[in-house]
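[1] would you be able to build a 3D model of this:
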Amino acid sequence: VLSFIIFICYIASLAAPFMMAPLLEFLLALFLFFAYASKLNEKFKGLYWPLTDFLRCVTAAIIYFAISIAAVSRYNDGASKAGGVFGFVATIVYAIDFYITFNDLVTFLKQGSSDAPEERKSEDEDSDSDSD
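    Predicted structure coming up:
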């Protein structure tokens, strides 16, 4: 919703060149929402969905921060300023989401690395018993 509001602000302002970033982020967030809602993440196991969400959050926070600074400093109309302020809010929201997703990734990677040696050990035992 925040990306859509920023998109509307940039369309109504002199900072119209910045409208593409919020539009793309809104469409990507909408796609991921419907992908999770329709359980596409369970059907397509080849794509690690939390990592996709993590990368989306990182890039969105950086891009929103950069275009918000440019919109607030270059343009003097109210809609540009409003889009910039909403962009700073979106930067904070995406940074919080980045932090939460990062913690989930670290937990997953720790679980994956602790399971891997046990799996390898049991596979080695199976192959040793097969060779005897």
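[2] ends of stretch 40-57, how far apart?
    Taking Cα to Cα, to the nearest Å as the measure, stretch 40-57 stretches 20 Å from start to finish.
[3] name the residues of it that come out as buried.
    Under the neighbour-count criterion of 16 or more other Cβ atoms under 10 Å, stretch 40-57 has 41, 53-54, 56-57 buried. Backbone N, C-alpha and C define where each C-beta goes, glycine included.
[4] likewise for stretch 82-97?
    For stretch 82-97, burial by neighbour count (16+ other Cβ under 10 Å) applies to 82-84, 86-87, 90-91, 93-95, 97.
[5] could you redo the residues you listed as a markdown table and give each row secondary structure, pLDDT and distance to Asn103?
    A markdown table is the format used below for the buried residues of stretch 82-97 (DSSP: H, G, I helix; E, B strand; the rest coil; pLDDT from 0 to 100; distance: Cβ to Cβ, whole Å):
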| residue | secondary structure | pLDDT | distance to Asn103 |
| --- | --- | --- | --- |
| Ala82 | helix | 91 | 32 |
| Gly83 | helix | 90 | 30 |
| Gly84 | helix | 90 | 29 |
| Phe86 | helix | 92 | 26 |
| Gly87 | helix | 92 | 25 |
| Ala90 | helix | 93 | 21 |
| Thr91 | helix | 94 | 19 |
| Val93 | helix | 93 | 16 |
| Tyr94 | helix | 92 | 15 |
| Ala95 | helix | 92 | 13 |
| Asp97 | helix | 90 | 11 |
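[6] helix or strand for Lys81, which one?
    Using DSSP states H and E, Lys81 sits in helix 78-131.
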